[in-house]
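>>> fold the following.
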Amino acid sequence: MDNITHTLIGALIGEGAARTAPPLADEAAATIRRTLFLAVMIVGSNLPDSDLVYSLVDDSKLSYLLEHRGHTHTVAGAIVGSALMLAACALFLRLRSVQLSSRDWIWLSALALGAPLLHVAMDALNTYGVHPWWPVDNGWFYGDSVFIVEPLFWASAASLALLFRSLVARGLVVLCLLLAIYLALTTGLVTGGSIAVFCLIALSMIVLGRYAKPPVAIFTALGMCAAISAVFVVAHRQAVARVDSDGASRQVGWTTLDRVVTPLPMNPLCWEVIVVQSQGDRYALRRAMVAVVKVTAARSAAARRFGLWLVFIVLSSVSE
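Numbering: from 1, shown residues only. Got it, this is the predicted structure:
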């Protein structure tokens, strides 16, 4: 998942925790507690991607493939990362001569551990996958359900543009929304209908952030993120079912080893598919676009660019 999504969802949870935690009489202590809640959620939600630092040391694509989503994208890595964040929080509090109650430390510890684990769980929704149980089990899990950059999550967090106290932070949220629209209009990967849905979600969340109580706006936004994920997961199952039932994927003499599916951005109805097949010592990769709803027309710019109809049509095969 892209880091903007990780950051925005982490900020929603951190802000929600700060606004629902038991109030403190000392306003200065309450401000510091809120800062720490937000910090561990934002930093922790991006911490597993610290493996990019050492995966890019030798500046090779092979190193990136081998190292990214490696040790830091595991439960063990999340525990280590959360311990480091808690140590940094303890040092910060000591330097500021501030003490948190045991109850606040429980909240802070839960957030520090939950943030990197949430990152791993969200990355599991992508085609790339994760292997969370290393070193006990090195098996990879591939959700194949959400595009690597999914701006619908950004729209769901639009209420932060009104909930953040810092004008800079509010401006960054608005900038993310504008960036999403710019990318949608210029990449040719997003349909006009998807852009309309994005704008509708973003405007709804902004109105909610303006008129609803902050906890209501925050948890509604998180619920919207969960609903979007659920829609893509269900659509993924439909796309796989269509692939498996189509004759092009069941060619005589060929055995299907795997099928990789990924949706277009903001569009759970349109999926790109790669079917991996073998026949003796020969292998083939067959690419296609799939519509989970038969009435979907092949109108997306992405489909036109690839010269595809949104049905299961074999584009290419490579064999040796």
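>>> so which elements touch the strand ranked longest in the chain?
Ranked by number of residues, the top strand in the chain under DSSP state E is strand 267-279. Applying 3 or more Cβ pairs under 8 Å, 6 or more residues apart in numbering; DSSP states H and E, we find strand 267-279 packed against helix 214-245, strand 255-264, strand 282-291. C-beta: built from backbone N, CA, C; applies to glycine.
>>> which residues does T5 contact?
M122, V149, E150, F153, W154 (Cβ atoms under 8 Å, 6 or more residues apart in numbering).
>>> any chance of a markdown table for those residues, columns distance to A18, secondary structure and neighbour count?
Below are the contacts of T5 laid out as a markdown table (distance: Cβ to Cβ, whole Å; DSSP: H, G, I helix; E, B strand; the rest coil; neighbours: other Cβ atoms under 10 Å):
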| residue | distance to A18 | secondary structure | neighbour count |
| --- | --- | --- | --- |
| M122 | 21 | helix | 23 |
| V149 | 28 | coil | 19 |
| E150 | 26 | coil | 26 |
| F153 | 21 | helix | 25 |
| W154 | 21 | helix | 25 |
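>>> give me the below-cutoff pLDDT ranges for the protein.
The chain contains residues with pLDDT under 70 at 55-67, 247-250, 294-320.
>>> okay, the helices and strands packed on strand 267-279 in a markdown table with mean neighbour count next?
Converted to a markdown table, the helices and strands packed on strand 267-279 look like this (neighbours: other Cβ atoms under 10 Å):
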| stretch | mean neighbour count |
| --- | --- |
| helix 214-245 | 17 |
| strand 255-264 | 17 |
| strand 282-291 | 20 |
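>>> relative to A21, which of those is closest?
The minimum distance between A21 and the helices and strands packed on strand 267-279 falls on helix 214-245, with 10.8 Å, by Cβ to Cβ.
>>> quick revisit: how about the contacts of T5 in TSV, adding distance to L163?
Listed next are these as TSV, based on distance: Cβ to Cβ, whole Å:
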residue	distance to L163
M122	21
V149	24
E150	21
F153	16
W154	15
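>>> now tabulate the helices and strands packed on strand 267-279 in TSV and tack on distance to L117.
Formatted as TSV, the helices and strands packed on strand 267-279 follow (distance: least, Cβ to Cβ, whole Å):
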stretch	distance to L117
helix 214-245	16
strand 255-264	23
strand 282-291	32
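>>> among those, which is nearest M205?
helix 214-245 (5.7 Å).
>>> got the domain ranges for this structure?
3-234, 239-306 (automatic domain parsing).
>>> count of neighbours near S101?
Here the number of neighbours of S101 (other Cβ atoms under 10 Å) works out to 12.
>>> quick check: phi and psi on it?
phi -70, psi 160 (degrees, to the nearest 10).
>>> how close does it get to P22?
Distance, S101 to P22, by Cβ to Cβ, to the nearest Å: 9 Å.
>>> what of D258?
On the measure of Cβ to Cβ, D258 and P22 end up 50 Å apart.
>>> which SS state does G253 fall under?
Put simply, G253 is coil when judged by DSSP: H, G, I helix; E, B strand; the rest coil.
>>> is it true that it touches Q277?
No: at 9.5 Å, G253 does not count as touching Q277 under the criterion of Cβ atoms under 8 Å.
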